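A.B. asks: next come a sequence and a model predicted from it.
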Amino acid sequence: MPFDARVIRVMVASPGDVVAERAFMREQCYRWNAAHAERERTVLLPLMWEYDSAPLLHTNGAQAAINDQMTGRADLLVGIFWSRMGTPTAAHDSGTVEEITALHEAGRPVLLYFSTRPLPSDVDVDQLTKVRAFQSQMEKAGLVRTFDSPEEFGALTYDHLTRVLHDRFGAGPERAGNPTTASEPAARLVAGMEVRADTKGERVLLVIENTGTGAAEAVRFTFKHGFFASPLVTHREPMHGLEAGRKVAIPLASLPVSLFTRERIPQLEVTMSWVEHGHRFTSMQTITTS
């Protein structure tokens, strides 16, 4: 059934060395739409030069053509860097930097990400130096995030988009008149521990299962015990959504299986949090080891 919705245009800005991340960013917009668009009456429209610009000539060059067709229309921007800064423009070190500057000066949200994955063998040292200098400059101006794989980038951006949409654009269940309240989550996360054997020996796995009736988005967890000064493992960045009836197994840090016994560590504490209907819920659980 058709429904009315506002459109938030998400510009994806980057040099040409992050093709996989650009594809993940586009996927996250569509994934967010599938989970939230009808309920929150908000649709994300990714703006990417390879899909959303025409090959028009411009008296001021290619970047000016992109600015006319895309930059001025964008409501928020996601900037991605790895080893290259890009092609300089008349006013900035690259077209990507020009787009970031334009959105920032217009008071629109800008999310910046820098890849830490291994550099290509033919890396341009001059380009890399410019990227590092720009990253340092941006870190002084606000928060930036790093990631070490396209998959991690995808998980990061989904959660960050949700936060920005709620904080800056008012997206949320109240916008659509949804009666769901923050006190009644449909998802229910249950934690357990398993020991599995493979060719490398035995491994301890933390298993999280969604036994509820609703999907849990942007799942985070911390797994610890008082015996340790810090958590055994902390999943700092959110996982993709955990659908109802599904479970995920996460290997713990490099700890011997023999450590997890009733004599050594009888109980372990798990703190889990997730997003549902625009609200973040938290659940704590104690696991008894064997």
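C.D. replies: Good, I have the coordinates.
A.B. asks: render the CA-only coordinates of the host helix or strand of H160 in PDB, please.
C.D. replies: Here H160 is covered by helix 150-168, with elements defined by DSSP states H and E. Extracted C-alpha coordinates of helix 150-168, given in PDB (Å, rounded to 0.1, in the frame of the first residue of the first chain):
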ATOM      1  CA  PRO A 150      34.400  -2.800   3.900                       C
ATOM      2  CA  GLU A 151      32.200  -5.100   6.100                       C
ATOM      3  CA  GLU A 152      33.100  -3.200   9.200                       C
ATOM      4  CA  PHE A 153      32.400   0.100   7.300                       C
ATOM      5  CA  GLY A 154      28.900  -1.200   6.400                       C
ATOM      6  CA  ALA A 155      28.100  -2.100  10.000                       C
ATOM      7  CA  LEU A 156      29.400   1.300  11.300                       C
ATOM      8  CA  THR A 157      27.400   3.400   8.800                       C
ATOM      9  CA  TYR A 158      24.100   1.700   9.400                       C
ATOM     10  CA  ASP A 159      24.200   2.500  13.100                       C
ATOM     11  CA  HIS A 160      25.600   6.100  12.500                       C
ATOM     12  CA  LEU A 161      22.900   6.800   9.900                       C
ATOM     13  CA  THR A 162      20.200   5.800  12.300                       C
ATOM     14  CA  ARG A 163      21.600   8.100  15.000                       C
ATOM     15  CA  VAL A 164      21.900  11.100  12.700                       C
ATOM     16  CA  LEU A 165      18.500  10.600  11.200                       C
ATOM     17  CA  HIS A 166      17.000  10.600  14.700                       C
ATOM     18  CA  ASP A 167      19.100  13.400  16.100                       C
ATOM     19  CA  ARG A 168      19.200  15.800  13.100                       C
END
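A.B. asks: for that helix, which helices and strands make contact with it?
C.D. replies: helix 19-40, strand 42-47, strand 76-81, strand 110-115, strand 145-147, strand 217-224, strand 233-239 (3 or more Cβ pairs under 8 Å, 6 or more residues apart in numbering; DSSP states H and E). Backbone N, C-alpha and C define where each C-beta goes, glycine included.
A.B. asks: got the buried residues for that helix?
C.D. replies: By 16 or more other Cβ atoms under 10 Å, the buried positions in helix 150-168 come out as 150, 152-162, 164-166.
A.B. asks: helix or strand right after the helix or strand of the chain with the lowest mean pLDDT?
C.D. replies: For the chain, counting by mean pLDDT, DSSP states H and E, strand 233-239 ranks last in confidence among helices and strands (a mean of 49). Once the chain leaves strand 233-239, the next helix or strand it forms, by DSSP H and E, is strand 247-251.
A.B. asks: what's the mean pLDDT across the helix or strand following that following strand?
C.D. replies: Using DSSP H and E, the next helix or strand after strand 247-251 towards the C-terminus is strand 267-276. The average pLDDT for strand 267-276 rounds to 75.
A.B. asks: of the buried residues of helix 150-168, closest to V207?
C.D. replies: Closest to V207 out of the buried residues of helix 150-168 is A155 (18.8 Å), distances taken as Cβ to Cβ.
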